[in-house]
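Undergrad: Mind looking at a prediction? Sequence and model below.
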Amino acid sequence: MTENHKQPDSGTPDNNSSGVLFLKNPGETENSIEWYSSKIAGVPFILRNLLTLQRAGIKTLAVFIEDSHGDIEKSFEKLLKDSRLPKDILWIKNIPQLKEWMQNNPTYIFNGSALHNRKELHSLVHSHSKNEGASAFPIDPEKLDELLIDNPTAIQSQQAGFPLYVPGAKEEKIQKPEDFKRLHEAQVSGSGLSHDSPITRILSRPASRLLTRMFLNTPISPNQITLISFFLGLVSAFLFLQGSYETSIIAAMLLVLSTWVDGADGEIARLKFMETDIGKKLDIYCDNIIHFLVFTAIGCGVYFKTGESIFLYLGGLAGLGGLTAFFLLSPILLEKRSPNNQLFHIIEPELAEKFANRDFIHFLLLVSVIDQMGIFIAVAAVGANLFAGYLVYSRLLKLRTG
């Protein structure tokens, strides 16, 4: 990586930033349209980069590609009619036109042959520090044609300011067809969350990523995947209600599967730029409804099996504790896991958030196999209410100190 060179405090506001995605000819043996339309983690290469630039805070987008026949823009037209992109993306077809456009726009020029990182670009666009964000350096506008032959070091300028060239990390550059598969795998492997618990990383993420690979090239949306997970959870609760050994094992296995599917919806949303506030709310609400129904169903199921009414109370307590924790914690989760925060910030989860996961389903599967559901519901009743009590205490403490 080259040394970062950032715009000095020139007074140009971040919200006026402009960016050009500079598409180079991939080579004599490759078709430019097919090359930049190739999918990486379910999203065409050119679209993935344009969405990345937009999410990083680039307000005005342009695409440069040498087009001697005048048909390149038309070939990409259908692909770039994506509703998430601005409708006024400018197509620049020669170096003189690019120079003229840059005269009126403080511009970042992004190497279109590299897969850019959202968080790094956001830091580049919004930070005035020279040591943060993606690697970039100022270039001489009179030597832009040298970018076509991939010679950025020859045009490095000693003067600060725009235009800035962002070549992308060496390992993120696509120079041969095999690189598409390599970067696809890298994107999928990195689609988890920074606050995943060790149990989630070891037991759930590998399975959810298998499902993610299945869903990536389908039209199924993240919200539809959330509803599939929710349906599996409902069936699981119904089977727990039956109270028998066999149905409890099947119910626990379905709940594990529901958790795997639940992990895939977020991975698909992040990989395909489909994060929404509605999707995040749907995910959190569905999870907690299932928790409530499963706890109460287990209590009822054990009561039906043993005839001991104490398990009805334990199931009700577990469900009530879970609901209380949900109402107290959900606003925090929705804020910290909002699309903008997930895209641009790594926020260390608080202690309460670390416990607000579905790791308990692995313990539930174990106790269902050894036919000790009564033990589980007793532990859940105590644990859920202790957790809810801790949240109430934390809220009161913040109110006092605030």
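TA: Great, that's in hand.

Undergrad: Make sure Leu183 is actually in contact with Leu115.
TA: Yes - between Leu183 and Leu115 there is a contact at 5.3 Å, judged by CB atoms under 8 Å. Heads up, the C-betas are built off the backbone N, CA and C, glycines and all.

Undergrad: Between those two, point out the one with more neighbours.
TA: Shown here are Leu183 and Leu115; by other CB atoms under 10 Å, Leu115 has more neighbours (24 against 20).

Undergrad: Just want the phi and psi numbers for that one.
TA: phi -90, psi 110 (degrees, to the nearest 10).

Undergrad: Same check on Ile220?
TA: phi -70, psi 130.

Undergrad: Kindly report the same for Leu90.
TA: phi -90, psi 140.

Undergrad: got a list of what the residue lying closest to it once chain neighbours are set aside touches?
TA: Of all residues not flanking Leu90 in the chain, Ala62 sits nearest, at 4.2 Å (CB to CB, 6 or more residues apart in numbering). Counting by CB atoms under 8 Å, 6 or more residues apart in numbering, Ala62 makes contact with Ser18, Gly19, Val20, Leu21, Ile89, Leu90, Trp91, Ile92, Trp101.

Undergrad: Quickly list what's touching both of Leu183 and Leu115.
TA: Counting by CB under 8 Å, 6+ apart, the residues touching both Leu183 and Leu115 are Ile40, Glu172, Ile174.

Undergrad: Tally up the residues packed near Glu171, please.
TA: 11.

Undergrad: ok but it is inside a helix, no?
TA: Yes - under DSSP: H, G, I helix; E, B strand; the rest coil, Glu171 falls within a helix.

Undergrad: Give the buried residues for stretch 376-386.
TA: Phe376, Ile377, Ala378, Val379, Ala380, Ala381, Ala384, Asn385 (16 or more other CB atoms under 10 Å).

Undergrad: ditto for stretch 24-43
TA: For stretch 24-43, by 16+ other CB under 10 Å, it's Lys24, Pro26, Ser32, Trp35, Tyr36, Ser37, Ser38, Ile40, Ala41, Gly42, Val43.

Undergrad: swap in stretch 211-225?
TA: Neighbour count says stretch 211-225 has Leu211, Thr212, Arg213, Phe215, Leu216, Ser221, Pro222, Asn223, Ile225 buried, by 16+ other CB under 10 Å.

Undergrad: Dump the C-alpha coordinates for it into PDB.
TA: C-alpha atoms of stretch 211-225 as PDB (Å, rounded to 0.1, in the frame of the first residue of the first chain):
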ATOM      1  CA  LEU A 211     -27.200 -21.400   3.400                       C
ATOM      2  CA  THR A 212     -26.000 -17.900   2.300                       C
ATOM      3  CA  ARG A 213     -24.200 -19.500  -0.700                       C
ATOM      4  CA  MET A 214     -27.500 -21.200  -1.600                       C
ATOM      5  CA  PHE A 215     -29.500 -18.000  -1.300                       C
ATOM      6  CA  LEU A 216     -27.000 -15.600  -3.000                       C
ATOM      7  CA  ASN A 217     -27.900 -16.300  -6.500                       C
ATOM      8  CA  THR A 218     -31.700 -16.500  -5.900                       C
ATOM      9  CA  PRO A 219     -34.300 -13.700  -5.900                       C
ATOM     10  CA  ILE A 220     -35.100 -14.500  -2.200                       C
ATOM     11  CA  SER A 221     -34.800 -11.300  -0.200                       C
ATOM     12  CA  PRO A 222     -33.300 -11.000   3.300                       C
ATOM     13  CA  ASN A 223     -36.800 -10.300   4.800                       C
ATOM     14  CA  GLN A 224     -38.200 -13.400   3.200                       C
ATOM     15  CA  ILE A 225     -35.300 -15.400   4.700                       C
END
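
Undergrad: what's the domain layout of this protein?
TA: Domain assignment of the chain by automatic domain parsing yields the ranges 14-186, 193-401.

Undergrad: In CSV: those domains, plus mean pLDDT.
TA: Putting the domains of the chain into CSV (pLDDT from 0 to 100) gives the following:
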stretch, mean pLDDT
domain 14-186, 81
domain 193-401, 86
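
Undergrad: all strands for this protein, in order.
TA: For the chain, the strands defined by DSSP state E cover 18-22, 39-40, 43-44, 60-64, 90-92, 107-111, 137-138, 164-166.

Undergrad: hmm, back to that, run through the bridge partners of the residue nearest to Leu90.
TA: Val20, Leu90 (DSSP bridges).
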